[in-house]
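*Asks:* Predicted model and sequence below, questions to follow.
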Amino acid sequence: MRKSLITTAVLGALAVPSFVFAADAAPAPDLTVAYNIGLYSQYIFRGLTQTDRGPALQGGVDLTHSSGFYLGAWASNISWLRDTNNAYTSAPTTAYQKGGHIELDIYGGYRYTFANGVGIDLGALQYIYPGSRSSGGEGNWASAYTTELYGALSYGWVQAKISSVVSDSAWTVGKYNPAVTSKDAQGTYYAELNATIPVSDLIGAKDGIASGITGIAHVARQEFNACRDNDGYSYTDYKLGLQKSFSEGALNGVNVGGYWTYANTKDSVWTLENRNIGESTGTVFVQKVF
């Protein structure tokens, strides 16, 4: 390679009175690191508010290798593990006695995009909720810690993804006492269809305030596998929204937006602090990506 570059330069010098050497482009790094931090008016997870409609500070870090393998961590404040639930008893109960204010997600997997534009994403995710569980009577809860395996297929704007629980319990539902004959949560799945619509590109807005706008659309179904008594934990949720991304000046890497969500959750199961946490609601946010 070096020999051919020198030969080309010499021939060029003989042909013209002057020439300019072009520096070789620096090779792309094998490992890239990306950070994000955001402020949200509430934390919505799969159609359900996790903060009783209170604000949430969220952030994460992702390490991606050029081979397609990646690792990441993400965290948010939550309230639902300490919010009262009186769906089953006259006295309110809470899933956690202490802690339960933080969700930490650790994940890793592999992504690849084929020449025809089809992309795959395979991985595992561990949801971690530091704290101590409530115990005794109706307050005896399963572990909130949850492990999922997931797989996604994408093309253009559209992604189809399925996540399946492989832990005995999922978000406090499932086996919590060996003496109880309840079924564990393994096999619970969440199947979703997502669309990220490049609105600005479709309307030809490459510059100005109308540039960088993306539409968000989502529909999903959760099927909970934790015995017939827990059938009420299954539901369908929806999401529609808009996001604007900035790529120049001081606002480079800033995303702002909002979205509407709704889940057809049953009051008898999903009522916390006297409110169904899946009811129709709106969320706004500002995020910075580094």
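*Replies:* Right, received. Where do you want to start?
*Asks:* next one: phi and psi at residue 223?
*Replies:* Residue 223 adopts backbone torsions of phi -120, psi 110, taken as degrees, to the nearest 10.
*Asks:* quick check: mean pLDDT across stretch 81-97?
*Replies:* Computed over stretch 81-97, the mean pLDDT rounds to 80.
*Asks:* Straight-line length of it, end to end?
*Replies:* End-to-end distance for stretch 81-97, by Cα to Cα, to the nearest Å: 9 Å.
*Asks:* ok, now stretch 63-76?
*Replies:* Start-to-end, stretch 63-76 (Cα to Cα) is 19 Å.
*Asks:* Relative to the whole chain's centre, how far out is that stretch?
*Replies:* Centroid separation between stretch 63-76 and its chain, computed with Cα atoms, centre = their mean, to the nearest Å, is 13 Å.
*Asks:* Check stretch 258-267 too.
*Replies:* Distance, centroid of stretch 258-267 to centroid of chain: 17 Å (Cα atoms, centre = their mean).
*Asks:* Name the surrounding residues that touch it.
*Replies:* By Cβ atoms under 8 Å, 6 or more residues apart in numbering, the residues outside stretch 258-267 that reach it are 44, 46-48, 87, 216, 232, 235-242, 270, 276-285. Glycine gets a C-beta too; all of them are placed from N, C-alpha and C.
*Asks:* Out of those, which sit inside strands?
*Replies:* 44, 48, 216, 235-242, 276, 281-285 (DSSP state E).
*Asks:* Now that you've got the contacts of stretch 258-267, can you turn the buried subset into something I can paste into PyMOL?
*Replies:* Restricted to buried positions by 16 or more other Cβ atoms under 10 Å, the PyMOL selection for the contacts of stretch 258-267 reads:
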select buried, resi 44+46+47+48+216+235+237+239+241+270+276+277+278+279+281+283+285
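*Asks:* now the helices for the chain?
*Replies:* Secondary structure of the chain by DSSP state H: the helices cover 2-15, 199-203, 267-270.
*Asks:* Considering those helices, which stretch scores lowest in mean pLDDT?
*Replies:* helix 2-15 (a mean of 38).
*Asks:* and the spatially closest residue to residue 60 that is not a sequence neighbour, bridged to which residues?
*Replies:* Spatially, and ignoring its direct neighbours in sequence, residue 60 is nearest to residue 74 (3.4 Å; Cβ to Cβ, 6 or more residues apart in numbering). Per DSSP bridges, the residues bridged to residue 74 are residue 60, residue 105.
*Asks:* From what I see, residue 74 and residue 45 are in contact.
*Replies:* No: using Cβ atoms under 8 Å, residue 74 is not in contact with residue 45, being 11.5 Å away.
*Asks:* list the contacts for residue 63?
*Replies:* Applying Cβ under 8 Å, 6+ apart, the residues near residue 63 are 31, 32, 33, 70, 71, 72.
*Asks:* Out of those residues, flag the one nearest to residue 53.
*Replies:* The shortest gap between residue 53 and any of the contacts of residue 63 belongs to residue 72, at 27.0 Å (Cβ to Cβ).
*Asks:* tally of neighbours for the closest residue to that closest one other than its chain neighbours?
*Replies:* Distance criterion Cβ to Cβ, 6+ apart; nearest residue to residue 72, sequence neighbours excluded, is residue 62 at 4.2 Å. If you count neighbours by other Cβ atoms under 10 Å, residue 62 ends up with 16.
*Asks:* related to what we said a few turns ago, next, format the contacts of residue 63 as CSV and append distance to residue 174.
*Replies:* Formatted as CSV, the contacts of residue 63 follow (distance: Cβ to Cβ, whole Å):
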residue, distance to residue 174
31, 37
32, 37
33, 35
70, 29
71, 27
72, 26
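*Asks:* Could you identify which of these has the most neighbours?
*Replies:* residue 70 leads the contacts of residue 63 on contacts (other Cβ under 10 Å) with 19 neighbours.
*Asks:* So for stretch 251-265, what gets flagged as buried?
*Replies:* Here stretch 251-265 shows 254, 255, 256, 257, 259, 261, 263, 265 as buried, counting by 16+ other Cβ under 10 Å.
*Asks:* any chance of those residues in TSV, plus pLDDT and distance to residue 289?
*Replies:* Shown next, in TSV, are the buried residues of stretch 251-265 (pLDDT from 0 to 100; distance: Cβ to Cβ, whole Å):
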residue	pLDDT	distance to residue 289
254	98	8
255	98	7
256	98	12
257	98	13
259	98	18
261	98	22
263	98	28
265	96	31
